[in-house]
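> this one's sequence-less:
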């Protein structure tokens with residue numbers, strides 16, 4: 001059985017769980033409590049020397065990057081709805097996966113880390129600047145979704161799961177975008193059973 005090492009407050013963990021749960025792939029989940037520094041333990045560093053989550057293990061295959069895990073699962077299980085084998089569509093999926101990691105994710109981290117996770121030790125100037133910079137990215141998302149249901153193709157893909165995991169992260173600090181197209185898209189992805197099961201439980 002697949003082994004997943006994750007933490008529910010990690011958007012990178014949740015996007016993997018969203019796919020696993022949505023398509024019904026069995027896996028064993030190991031909670032690595034980042035707040036208790038379990039990701040820095042000697043035992044976990046042997047699993048992931050980057051001291052981050054998630055880590056995904058399939059026999060002798062070990063993957064640390066969340067979007068790479070999504071791709072691996074889709075290819076192995078031929079999940080063409082989630083990772084299309086149409087060249088044009090998959091190119092768009094890849095573009096949005098990379099855009100999410102390179103453009104959106106750093107700003108989300110700056111906001112949530114400094115507004116919530118670090119508490120009084122957070123750098124509010126960094127958070128304020130990130131909140132300003134992220135508005136342009138919201139505009140890019142909003143304009144792209146005009147006349148589209150999802151970010152690539154006609155049905156949700158792993159690009160949507162990846163992006164939605166970051167948007168949900170902003171809910172921790174009441175910084176989610178509220179424009180019409182993003183809100184409509186997010187509501188659609190958030191209604192997926194896999195996405196729901198990935199969320200932190202009270």
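It's in. No experiment lies behind these values; they were computed from the predicted model shown.
> all strands in the chain, in order from the N-terminus.
Under the criterion DSSP state E, the chain contains strands at 2-6, 27-31, 55-58, 61-63.
> Show me what the first one pairs with in its sheet, parallel or antiparallel.
What that stands for is strand 2-6. Strand 2-6 sits in its sheet next to strand 27-31 (parallel), strand 55-58 (antiparallel), going by DSSP bridges.
> Can you say which of those is packed in most?
Ranked by mean neighbour count under mean count of other Cβ atoms under 10 Å, these are led by strand 55-58, which reaches a mean of 21. (Each C-beta comes from the backbone N, C-alpha and C, glycine too.)
> so how far is residue 30 from residue 6?
7 Å (Cβ to Cβ, to the nearest Å).
> Which helix or strand in this structure has the lowest average pLDDT?
Using mean pLDDT, DSSP states H and E, helix 42-47 stands out as the lowest-scoring helix or strand of the chain, at a mean of 94.
> Give me the helices and strands touching the longest helix along the chain, please.
Ranked by residue count, the top helix of the chain under DSSP state H comes out as helix 124-144. If you count contacts as 3 or more Cβ pairs under 8 Å, 6 or more residues apart in numbering; DSSP states H and E, helix 124-144 packs onto helix 105-112, helix 180-190.
> Flag the shaky bits of this structure, pLDDT-wise.
Where the chain drops to pLDDT under 70, the residues are 202.
> now with 90?
Scanning the chain for pLDDT under 90 picks out the ranges 35-38, 119, 201-202.
> hang on, the earlier thing: possible to save the helices and strands packed on helix 124-144 as JSON lines with distance to residue 94 and mean neighbour count?
Converted to JSON lines, the helices and strands packed on helix 124-144 look like this (distance: least, Cβ to Cβ, whole Å; neighbours: other Cβ atoms under 10 Å):
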{"stretch": "helix 105-112", "distance to residue 94": "15", "mean neighbour count": "20"}
{"stretch": "helix 180-190", "distance to residue 94": "18", "mean neighbour count": "16"}
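> Tabulate those (a markdown table), appending distance to residue 76.
Shown next, in a markdown table, are those (distance: least, Cβ to Cβ, whole Å):
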| stretch | distance to residue 76 |
| --- | --- |
| helix 105-112 | 25 |
| helix 180-190 | 23 |
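> Tell me which of these sits nearest to residue 148.
Ranking the helices and strands packed on helix 124-144 by proximity to residue 148 (Cβ to Cβ) places helix 180-190 first, at 8.1 Å.
> which strands and helices sit next to that closest one?
Secondary-structure packing of helix 180-190 (3+ Cβ pairs under 8 Å, 6+ apart): helix 124-144, helix 158-169.
> dump the residue contacts of residue 113.
By Cβ atoms under 8 Å, 6 or more residues apart in numbering, the residues touching residue 113 are residue 122.
> What's the local residue count around residue 179?
By other Cβ atoms under 10 Å, 13 other residues sit near residue 179.
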